[in-house]
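Engineer: Predicted structure and sequence below. I'll ask about it afterward.
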Amino acid sequence: MVITAPLNTALRAVAMLLFVAVVAACSRTPNTMPTGVGNLGPGGGAPGSQQEFLVSVGDRVFFETDSSSLTSEAMATLDKQAAWLNQYQNYRIMIEGHADERGTREYNIALGARRASVVVNYLVSRGVNNGRITSQSFGKERPVAICNDISCWSQNRRAVTVVQ
């Protein structure tokens with residue numbers, strides 16, 4: 001099909017007019033987004049949302065083998081958690097203590113409880129109200145990675161802050 005020059009020019013002019021009309025209509029359309037949707041934080045969640053906490057702050061800290069001592073990386077994450085929780089005081093949290101699959105069930109439940117407890121104490125020391133915090137140990141019962149290797153074990157030695 002061959003389009004002659006005058007017809008081609010007319011089609012371009014019509015296309016340009018439609019484009020200008022659409023742009024002009026969009027610029028006059030009021031913002032009808034629900035409150036908070038247009039104010040997404042850097043992680044994609046609205047400020048003060050559980051999504052923001054998860055993505056921008058971080059919900060978990062990790063431990064060395066057979067340890068409930070906080071690493072410097074864990075303390076840095078918990079400092080960010082405490083700041084967020086002190087800013088958004090309407091949330092309650094649960095601290096979950098976890099262990100890798102090595103060791104007995106009883107040992108790992110106790111280790112997970114110590115890990116959860118040290119996280120609770122750290123957050124409280126940073127101003128988070130103890131009445132907003134509960135804790136529970138899952139020991140080795142809820143692994144996030146399953147394999148017989150350090151790469152999995154290190155992911156399972158954790159405490160997770162669940163925003164409720």
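Structural biologist: Cool, got the structure.

Engineer: could you measure the nearest residue in space to residue 117 that is not next to it in sequence against residue 156, distance?
Structural biologist: Excluding the flanking residues, the one nearest residue 117 by C-beta to C-beta, 6 or more residues apart in numbering is residue 135, at 6.5 Å. Where you see a C-beta, it was placed from the backbone N, CA and C, and this is true even at glycine. The gap separating residue 135 from residue 156 is 17 Å, by C-beta to C-beta, to the nearest Å.

Engineer: With residue 72 instead?
Structural biologist: From residue 72 to residue 156 the distance is 21 Å (C-beta to C-beta).

Engineer: Just confirm residue 134 is within a strand.
Structural biologist: Yes - per DSSP: H, G, I helix; E, B strand; the rest coil, residue 134 lies within a strand segment.

Engineer: tell me the centre residue of this structure?
Structural biologist: residue 54 (1.2 Å; C-alpha atoms, centre = their mean).

Engineer: Identify the bridge partners of the residue nearest to residue 117.
Structural biologist: With DSSP bridges applied, residue 135 shows beta-bridge pairing to residue 95.

Engineer: Flag the shaky bits of this protein, pLDDT-wise.
Structural biologist: For the chain, the stretches with pLDDT under 70 are 1-44.

Engineer: Tell me where it has helices.
Structural biologist: Read by DSSP state H, the chain holds these helices, from start to end of the chain: 5-28, 50-52, 72-87, 105-125, 150-156.

Engineer: residues in contact with residue 95?
Structural biologist: 116, 119-120, 123, 133-136, 159-162 (C-beta atoms under 8 Å, 6 or more residues apart in numbering).
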